[in-house]
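S.K.: Predicted model, plus sequence, below.
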Amino acid sequence: MADNQKQNYLHGAAILAAGIAVIKLLGAVYKIPLGNILGDVGYGHFMVAYNIYNVFLTMATAGFPVALSRMISEAHTLERPMQVKRIFSVSLVLLAAIGAVSAVIMFMFPTELAAMMDDVKASQSIWVLSPCVLLVCIVAAYRGYAQGHGNMKPTAISQIIEVVAKVIVGLALAIMLTSMGKSEAITSAGATFGVTAGGLAALIYLVICKRRNYPNKPVANPDVPDSRKRILYNVLRIGIPITLGSSVLSLISLIDGKLVLNRLQDALGYTEDYAVTLYGVYGKAQTLFNLAPTIITAITIAIVPAIVSELTKHDGKAAGRITNSSLRVSSVLAMPMAAGLSVLSYPIMNVLYQGSNEAGVGLLAIMGIDSFFVCMALVTNSVLQAYGGERYPVYSMVAGGVVKIAVNWFLVSIPDLNIYGAPIGTFCCYFVMCIMNYFFMRRSMQGKVSIKSVLVRPFISTVLMAVAAWGVYEISSRVLGSGSRLLMLVELAVAIVIAVAVYLVAIVKTRAITMEDMRLIPKGEKLGRLLRIKEED
């Protein structure tokens, strides 16, 4: 693809964010009715299977696509097309091999994996997810290739295709199996198959996209690429620390799921069905909790090649500006979403998951706060990886993970807290990670992170927004009542609209977002002038 089509990093992030907005809408179309179709118990089986799948997926795709993106960005900046081709071919083979091994393990031992989690009925869902690991590993290689060129469109479009296929296939199977009177475990497995179908659809698109946009044309003055052995070594050198760090969190989430189910049953004496019910409603709250981190992922994907490109040109100041801008934009986006989930947890859960266990409201209120720290941990991880400090996120993730397990072990066993101990543990985990990452960034980057612009200004704006959201909903529900689901939805929508308006005014007045940030967003400068956004102090 021509260089003039290469997006700057926030332009690329905006493309991904637009794609993710569509994805989240479609994801809601999938997971919200799915949660209602499966019920708390069926959704609990779905969550157990997905957590196991996510461990294998993270081990295969968390670090190596980042390494691929980073190495291709560097080679592309240095105008080494043959090096780019060899990096991709080596990485593709590596990812396919890792995906194949992971898929075989899930395919051959689903019952053993489910029993390990104290939920044997999740085995069918694990089995149908097994091919998806291989598919998504290959998909990750193609996405990393495009991202290394600064092109985020293939990633965004493939994600939309993936979720569309998942929605169509997953919901169709869930509805069909439910109408046939199949068990919750079988219905959950049918719904889970949609994830595999989505991975296949995304792979087909990306293969076609690469052939069209990055054909294997003869190079006029070919460079001499590094040996395959050398490239493999570099991919492993960069990717393994990132994979270890990310795998730590996935393993901890897996352990956390087992720990929660175990402590609810053994420490508190709950039955297996009731424990799975609580875990299921916890999973429903997680679906909403993951909204902000998923959107922020767009920025984390775009950060790495952008910072690496500037560092390759030995422009540390430009890399520092990108770092501060990415942190500031992430905070401005994540903080209000987190606060909104927290203060509006009651109407959100009752509108989307009416009839679910009442613990869902309190879980979402805590997890809303958690989501902000998850977002900032994701962004700071990417910054550290871009600066070559891949080992630092590993340290912070291990420390945060140990804290989470320890907190959950004690809190979940307290009768008055029970399942609420899990999101409190999540808060402690990511808070520790953010603090550690901040000090690691100070050691790694040129310049400093502006706490005032990254945290203080967005916080003031968010407080105003949260007060408006809570006040509008409380007043409207008392005046109009909130007996019906439809009425509650209307009151929730009004509260959100007014809260968004208050927040937009607040971030302009407090200068939480600057004109420098807006210039990096497509049509951003024009929008900045319209909103009268000022230059950074």
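M.R.: That came through, no problem. Residues are numbered from 1 along each chain as shown.

S.K.: how much space between A97 and L134?
M.R.: To L134, A97 is 10 Å away according to Cβ to Cβ, to the nearest Å. Where you see a C-beta, it was placed from the backbone N, CA and C, and this is true even at glycine.

S.K.: Which helix or strand contains the residue nearest in space to the middle of the chain?
M.R.: The residue lying closest to the centre of the chain (Cα atoms, centre = their mean) is T294, at 3.5 Å. Taking DSSP states H and E as the criterion, the element that holds T294 is helix 291-312.

S.K.: now do P215
M.R.: With DSSP H and E as criterion, P215 is part of no helix or strand.

S.K.: Equivalent analysis for A115, please.
M.R.: helix 110-116.

S.K.: mean confidence for the helix or strand following that helix?
M.R.: Next helix or strand after helix 110-116 toward the C-terminus (DSSP H and E): helix 123-148. What helix 123-148 shows for mean pLDDT is 85.

S.K.: Then stretch 184-198?
M.R.: Summarised as a single mean, pLDDT over stretch 184-198 is 81.

S.K.: likewise stretch 285-299?
M.R.: So the average pLDDT for stretch 285-299 ends up being 76.

S.K.: Output that stretch as PDB, restricted to C-alpha atoms.
M.R.: This file holds the C-alpha atoms of stretch 285-299, laid out as PDB (Å, rounded to 0.1, in the frame of the first residue of the first chain):
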ATOM      1  CA  ALA A 285     -21.000  -7.800  34.400                       C
ATOM      2  CA  GLN A 286     -17.600  -8.600  32.800                       C
ATOM      3  CA  THR A 287     -19.200  -8.200  29.300                       C
ATOM      4  CA  LEU A 288     -20.000  -4.600  30.100                       C
ATOM      5  CA  PHE A 289     -16.800  -4.100  32.100                       C
ATOM      6  CA  ASN A 290     -14.800  -5.000  29.000                       C
ATOM      7  CA  LEU A 291     -16.300  -2.200  26.900                       C
ATOM      8  CA  ALA A 292     -13.700   0.500  27.800                       C
ATOM      9  CA  PRO A 293     -10.600  -1.800  27.600                       C
ATOM     10  CA  THR A 294     -11.700  -3.100  24.200                       C
ATOM     11  CA  ILE A 295     -12.000   0.500  22.800                       C
ATOM     12  CA  ILE A 296      -8.600   1.500  24.400                       C
ATOM     13  CA  THR A 297      -7.100  -1.600  22.700                       C
ATOM     14  CA  ALA A 298      -7.300   0.500  19.500                       C
ATOM     15  CA  ILE A 299      -4.800   2.900  20.900                       C
END
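
S.K.: The closest residue to L411 other than its chain neighbours: how many residues sit nearby?
M.R.: Spatially, and ignoring its direct neighbours in sequence, L411 is nearest to G421 (2.8 Å; Cβ to Cβ, 6 or more residues apart in numbering). Using other Cβ atoms under 10 Å, G421 has 23 other residues around it.

S.K.: got it, and the one 5 residues further on?
M.R.: Using other Cβ under 10 Å, T426 is surrounded by 26 other residues.

S.K.: Kindly report the same for Y346.
M.R.: There are 18 residues near Y346, going by other Cβ under 10 Å.

S.K.: Give the next helix or strand downstream of the helix or strand hosting V235.
M.R.: Using DSSP H and E, V235 maps to helix 228-262. On the C-terminal side of helix 228-262, the closest following helix or strand by DSSP H and E is helix 272-289.

S.K.: just checking, what packs against that following helix?
M.R.: helix 9-61, helix 228-262, helix 345-352, helix 359-386, helix 421-444 (3 or more Cβ pairs under 8 Å, 6 or more residues apart in numbering; DSSP states H and E).

S.K.: tell me the angle that helix makes with helix 345-352.
M.R.: 100 degrees (axes from the mean of the first three to the mean of the last three Cα atoms, to 10 degrees).

S.K.: Next, count neighbours for the closest residue to T111 other than its chain neighbours.
M.R.: Nearest residue to T111 in three dimensions, chain neighbours excluded: S123, at 4.4 Å (Cβ to Cβ, 6+ apart). Neighbour count for S123, taken as other Cβ under 10 Å: 22.

S.K.: now V479
M.R.: 8.

S.K.: and the angle from the helix or strand that contains it to helix 345-352?
M.R.: Per DSSP H and E, V479 falls inside helix 457-480. In terms of direction (the same axes, to 10 degrees), helix 457-480 departs from helix 345-352 by 60 degrees.

S.K.: Averaged pLDDT, the helix holding A115. What do you get?
M.R.: Here the average pLDDT along helix 110-116 is 84.

S.K.: Mind giving me the packing neighbours of it?
M.R.: Partner elements for helix 110-116 (3+ Cβ pairs under 8 Å, 6+ apart): helix 9-61, helix 123-148.

S.K.: List the buried residues in that helix.
M.R.: Under the neighbour-count criterion of 16 or more other Cβ atoms under 10 Å, helix 110-116 has P110, L113, A114 buried.

S.K.: what's the spacing between the second one and H314?
M.R.: In this structure, L113 and H314 are separated by 48 Å, where distance is defined by Cβ to Cβ.

S.K.: ditto for the last one
M.R.: Distance of A114 to H314, computed by Cβ to Cβ: 52 Å.

S.K.: ok, now E474?
M.R.: Taking Cβ to Cβ, one finds E474 at 55 Å from H314.

S.K.: what does M433 give?
M.R.: Applying Cβ to Cβ to M433 and H314 gives a distance of 30 Å.

S.K.: more crowded one of these two?
M.R.: Ranked by neighbour count (other Cβ under 10 Å), M433 and H314 place M433 first, with 29 against 8.

S.K.: Name all residues that make contact with the more buried one.
M.R.: F373, A377, T380, S396, M397, A399, G400 (Cβ atoms under 8 Å, 6 or more residues apart in numbering).

S.K.: how does it look with 7 Å?
M.R.: If a contact means Cβ atoms under 7 Å, 6 or more residues apart in numbering, then M433 has A377, S396, M397, G400 as its contacts.

S.K.: Let me know whether the last one touches C434 as I believe.
M.R.: It refers to G400. No: counting by Cβ atoms under 7 Å, G400 does not reach C434; the two are 8.8 Å apart.

S.K.: More neighbours: the two, which one.
M.R.: G400 (28 against 20).

S.K.: where's that one, which helix or strand?
M.R.: Applying DSSP H and E, one finds G400 within helix 391-411.

S.K.: what angle do that helix and helix 228-262 make?
M.R.: Using the same axes, to 10 degrees: helix 391-411 against helix 228-262 is 10 degrees.

S.K.: same for helix 391-411, what does it pack against?
M.R.: helix 228-262, helix 359-386, helix 421-444 (3 or more Cβ pairs under 7 Å, 6 or more residues apart in numbering; DSSP states H and E).

S.K.: wait, which of those helices is closest to V508?
M.R.: Nearest of the helices and strands packed on helix 391-411 to V508, taken as Cβ to Cβ: helix 359-386 at 20.9 Å.
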